[in-house]
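**Student:** Here is my input; please provide its structure:
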Amino acid sequence: MIDLEKDLSFAILLTEFRFVGLRATVTTIKTNFNNADCICVVPKDSNKEDLKVVKTICPTVEGGNTISSMINTGVQKTKRPWSLIVMSGNIIRHRPVMKYSRFLESEKDVMYRAVDTKHWRWADASIHGILMHKNAMKEVGAFPENEESLQTCKLLWAEKAIEKGYKFKGLVGVKLL
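**Tutor:** Numbers count the residues shown, from 1 in each chain. Have a look, this model is predicted:
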């Protein structure tokens, strides 16, 4: 059985520099997940003054200028085997995150939140709450960064992942907030 309690890292994507939201996300992660670590992924070419503030809140790495590049950086730079992608500004609770572990069968599972009847497919689902093992990036490769839409990036990456035996599992009713 996979133990998310000890194997989970959080990659917080900071697309807008709202420091109060980032503080809230980091605080709830530290409060609700005793051993989990987190990193903040910021866009490349971020303002140096903003970066100074972000680094006082959370360890920080620079991704590219696309969401897909920030996801790539986040998964690659987290310390633990499992990476949960979350958007800055959200409060992360323990119990919903641990629901993921009920459905994890192997390192080749990619979990995501099926938010509603319009956003239940992998390509349409939110990036907030994607859980994947670090080996996925090593085996499948990075999400494409030069596509027009995040949806296309996700579909292209999923095609390669499925060819390598990965399973995509949409979890209904898991609210991280």
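
**Student:** Every contact and neighbour count from this point should use C-alpha atoms.
**Tutor:** Noted.

**Student:** Remind me which helix or strand residue 131 belongs to.
**Tutor:** strand 130-133 (DSSP states H and E).

**Student:** Which helix or strand lies directly C-terminal to that strand?
**Tutor:** Note on strand 130-133: by DSSP H and E, the next helix or strand toward the C-terminus is helix 134-140.

**Student:** Just the residues contacting the strand holding residue 131, thanks.
**Tutor:** With Cα atoms under 8 Å, 6 or more residues apart in numbering as the test, strand 130-133 has contacts from 75, 81-86, 107-113.

**Student:** what's the answer for stretch 113-128, then?
**Tutor:** Applying Cα under 8 Å, 6+ apart, the contact partners of stretch 113-128 are 85-87, 112, 129-130, 151-152, 154-155, 168, 170-175.

**Student:** Return the lowest-mean-pLDDT helix or strand in the chain as CSV; C-alpha atoms alone will do.
**Tutor:** For the chain, scoring each helix and strand by mean pLDDT, DSSP states H and E identifies helix 94-103 as the least confident one, at a mean of 83. Output of helix 94-103 as CSV, limited to C-alpha atoms (Å, rounded to 0.1, in the frame of the first residue of the first chain):
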residue,chain,number,x,y,z
HIS,A,94,-5.9,16.6,5.2
ARG,A,95,-8.9,14.2,5.0
PRO,A,96,-9.7,14.9,1.3
VAL,A,97,-6.1,14.5,0.2
MET,A,98,-5.8,11.2,2.0
LYS,A,99,-8.8,9.9,0.0
TYR,A,100,-6.4,9.7,-2.9
SER,A,101,-4.5,6.9,-1.1
ARG,A,102,-7.6,4.7,-1.2
PHE,A,103,-7.5,4.5,-4.9
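
**Student:** So for it, what gets flagged as buried?
**Tutor:** Within helix 94-103, the residues scored as buried using 16 or more other Cα atoms under 10 Å are 94, 97, 100.

**Student:** quick one on the thing from earlier: pLDDT on the strand holding residue 131, on average?
**Tutor:** The average pLDDT within strand 130-133 is 96.

**Student:** can you tell me which residues contact residue 7?
**Tutor:** 36, 80-82 are the contacts of residue 7 under Cα under 8 Å, 6+ apart.

**Student:** hang on, the earlier thing: tell me which helix or strand comes right after the least confident helix or strand of the chain.
**Tutor:** If you walk from helix 94-103 toward the C-terminus, the next helix or strand you reach (DSSP H and E) is strand 109-114.
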